[in-house]
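Engineer: Sequence first, predicted coordinates after that:
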Amino acid sequence: MTKMKITKHILPIVMALLAMGIAGCSSSSTSTVTTSSVAKLTGFSFASNDSMPGLAAAVFTVEERLDTGLVYNKDSILYGTSLERVVPRFVFQVAVGMAQLQTPDTTLVLTGYDTLNFAHQPIYLTLRSSDGTTTKVYEIRPTVHQADPDLFVWNQLTPQIYPADESEQTVVELGGQFVMIANNGFQNTAYSSTDGAAWSVLSAPSGLPAGARVRQIISDGTTLYYADGTTMYTSTDATTWTAQPMSLVMKTMLMCWNGRVWALVDNGGLELAYLEGNSLVLTGIRPDGDFPVSDFAAVQFQSASERARAMIIGGYAENGRSLNTRWNLEYSEQIRENKGYRLSEFSIDRPHFTTLTGISVIWYNGQLMLFGGVDQDMTYFGRDILISDDEGLNWTQADTAKNQLPEVYQARRKQTAIVRDNYIYLFGGQDKTTTYSDVYRGRLNSIDW
């Protein structure tokens, strides 16, 4: 057994017994022994152990019950922590006469010097008051995370929302639901779901152009937006669309970010603009280089410096060239030009990034995650996931032992990725021969621990 230093945080049984013994041996005829009828545990913890970081930080609750009390930790101890050789610490309301611990392996009277095996349960602590009149039993139930905190768990929610038909599709969040809008070249269809697993067919969208490039539809959560030349189309239910003429030619809708709806317009060259009322406000931001007009990914997040940021990644330029660009757009009240917005191209200084179109990118657990896409030769990127821990400057492949899509998931492009309630949802997409309408959901084990 390992010797443990006795501190004031532990009321060791031996000290109580010694105190009684010393009093009993006193030569004074007036000496008395103070006893109590209380047998109550008020605190429990594990002593620190260098080989098991975080063990001593586990917080336990002592819950009094009419029969057997319960000692438990609300937040599980770190994954992989062994409880086979631990030093328990007990705090009693008053000194007790006896404390006995029973595990499946052994039964012993505690001394305050004990290294014990808490890995096997049930574990019971029996206390007897110093006057021998009261006995109380507590079950001690320590819990250790059984799931690897760094593991992503993926599963398929549905294999098909609608039959494959060479259609292009997008998924947006609208009114607390997922809405998929598909276009097969001559008509639009729409489907909705509350959970990504069960889907319903909506009324056929009316007012939206029959040949709409639906992947350019964006949502602010309550309204959908689509641009076609000098006309902007909006809808609050995905089925009824209203046309609004604009004074500028819109190349595409970019994103909803920083409380605004953004578009890319032609103003004697490409320029970023945002919607204000029924008008587009020019920002003065003109990309100095190739900027995508289709098949790009846009992602929004807050930087470590607490600035609102967005990235526009990959896609096709106006001349049809496949891009490897990563454009960074940020807002700060300290930025004096362009209404507080600044656009910069990360790929100038860090060009080591393949050309990618039809990708999807999300912000999750403090990092960017990129899915799918093809390069300029229409070679599919694969099933692997790219991640960036430095807000889009550098990218690496995710650890496939910890984060890999299910085997049934096929490499593809033009899928949609959405984060909701700490889950990642992947919807549809297409490869060289198949249009998918399946749904997958993934989650990092420790995301809300």
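Structural biologist: Looks like it arrived, so ask away.
Engineer: From now on I want contacts and neighbour counts done on CA atoms only, so please keep to that.
Structural biologist: Will do.
Engineer: Which parts of this structure are helices?
Structural biologist: 13-24 (DSSP state H).
Engineer: any weak-confidence spans in it?
Structural biologist: 1-33, 349-352, 449 (pLDDT under 70).
Engineer: so what are the domain limits for it?
Structural biologist: 13-141, 152-444 (automatic domain parsing).
Engineer: what sits up against stretch 430-448?
Structural biologist: Stretch 430-448 is contacted by residues 147-168, 196-197, 365, 380, 411-415, 422-429 when judged by C-alpha atoms under 8 Å, 6 or more residues apart in numbering.
Engineer: ok, now stretch 146-156?
Structural biologist: Contacts for stretch 146-156 (C-alpha under 8 Å, 6+ apart): 79-80, 402-406, 438-446.
Engineer: Would you mind measuring the gap between the ends of it?
Structural biologist: 23 Å (C-alpha to C-alpha, to the nearest Å).
Engineer: Stretch 214-228 now?
Structural biologist: 11 Å.
Engineer: mind listing the strands for the stretch 201-350 of the chain?
Structural biologist: In the stretch 201-350 of the chain, the segments counted as strands under DSSP state E, counting those that start in this stretch are 218-219, 224-235, 242-257, 260-266, 270-276, 279-282, 297-302, 308-313, 326-331, 341-345.
Engineer: Go through those and name the closest to Gly320.
Structural biologist: Of all the strands of the stretch 201-350 of the chain, it is strand 242-257 that lies closest to Gly320, at 13.5 Å by C-alpha to C-alpha.
Engineer: what pairs with that closest one, and is each one parallel or antiparallel?
Structural biologist: Its sheet considered, strand 242-257 pairs with strand 224-235 (antiparallel), strand 260-266 (antiparallel) by DSSP bridges.
Engineer: CA atoms only for the shortest one, dumped as PDB, please.
Structural biologist: Right, the one you point to is strand 260-266. Taking C-alpha atoms only, strand 260-266 is exported to PDB below (Å, rounded to 0.1, in the frame of the first residue of the first chain):
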ATOM      1  CA  ARG A 260     -26.200  41.400 -43.700                       C
ATOM      2  CA  VAL A 261     -27.100  39.700 -46.900                       C
ATOM      3  CA  TRP A 262     -24.100  39.800 -49.300                       C
ATOM      4  CA  ALA A 263     -23.900  39.700 -53.100                       C
ATOM      5  CA  LEU A 264     -21.200  39.900 -55.800                       C
ATOM      6  CA  VAL A 265     -22.100  42.600 -58.300                       C
ATOM      7  CA  ASP A 266     -20.800  43.900 -61.600                       C
END
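Engineer: ok, residues contacting it?
Structural biologist: 220, 248-256, 270-276, 293.
Engineer: do that again at 7 Å, thanks
Structural biologist: Strand 260-266 has contacts (C-alpha atoms under 7 Å, 6 or more residues apart in numbering) with 248-256, 270-275.
Engineer: Give me the buried subset of those.
Structural biologist: 248-256, 270-274 (16 or more other C-alpha atoms under 10 Å).
Engineer: Determine the number of other residues adjacent to the residue nearest to Arg321 when sequence neighbours are not counted.
Structural biologist: Leaving aside its chain neighbours, Arg321 sits nearest to Gln376 (8.0 Å; criterion: C-alpha to C-alpha, 6 or more residues apart in numbering). By other C-alpha atoms under 10 Å, 16 other residues sit near Gln376.
Engineer: Quick check, Gln376 in contact with Gly358.
Structural biologist: No. Look at Gln376 against Gly358 with C-alpha atoms under 7 Å: they stay out of range, at 11.1 Å.
Engineer: how deep is the nearest residue to Leu174 once chain neighbours are set aside tucked in, by neighbour count?
Structural biologist: Once flanking residues are discounted, Leu174 sits nearest to Gly221: 4.7 Å by C-alpha to C-alpha, 6+ apart. Neighbours of Gly221 under the rule other C-alpha under 10 Å: 14.
Engineer: Could you tell me how far Gly221 is located from Cys256?
Structural biologist: Applying C-alpha to C-alpha to Gly221 and Cys256 gives a distance of 9 Å.
Engineer: ditto for Ile218
Structural biologist: From Ile218 to Cys256 the distance is 7 Å (C-alpha to C-alpha).
Engineer: Endpoint to endpoint, stretch 380-393 covers what distance?
Structural biologist: The first-to-last residue distance of stretch 380-393 comes to 23 Å (C-alpha to C-alpha).
Engineer: okay but Gln244 is in contact with Tyr233, surely?
Structural biologist: Yes. Assessed by C-alpha under 7 Å, Gln244 is found in contact with Tyr233 at 6.1 Å.
Engineer: So these two - more neighbours on which side?
Structural biologist: Of the pair Gln244 and Tyr233, Tyr233 is the one with more neighbours under other C-alpha under 10 Å, namely 19 against 13.
Engineer: residues contacting that one?
Structural biologist: Leu208, Tyr225, Tyr226, Ala227, Trp241, Thr242, Ala243, Gln244.
Engineer: tell me the most buried of the domains of the chain?
Structural biologist: Ranked by mean neighbour count under mean count of other C-alpha atoms under 10 Å, those are led by domain 152-444, which reaches a mean of 18.
Engineer: measure that domain end to end?
Structural biologist: End-to-end for domain 152-444, by C-alpha to C-alpha: 4 Å.
Engineer: and if you look at stretch 229-249?
Structural biologist: Note: stretch 229-249 ends 5 Å apart using C-alpha to C-alpha.
Engineer: partners of Met98 in the sheet?
Structural biologist: Assigned bridge partners for Met98, using DSSP bridges, are Arg128.
Engineer: looking at it, it is touching Leu127, isn't it?
Structural biologist: Yes. With contact defined as C-alpha under 7 Å, Met98 counts as touching Leu127 (5.8 Å).
Engineer: Next up, the contacts around the nearest residue to Val38 once chain neighbours are set aside.
Structural biologist: The shortest distance from Val38 to any residue other than its chain neighbours is 5.3 Å, reached at Ser129 (C-alpha to C-alpha, 6+ apart). Neighbouring residues of Ser129 by C-alpha under 7 Å, 6+ apart: Ser36, Ser37, Val38, Ala39, Val96, Gly97, Met98, Thr135.
Engineer: Done for today, thanks.
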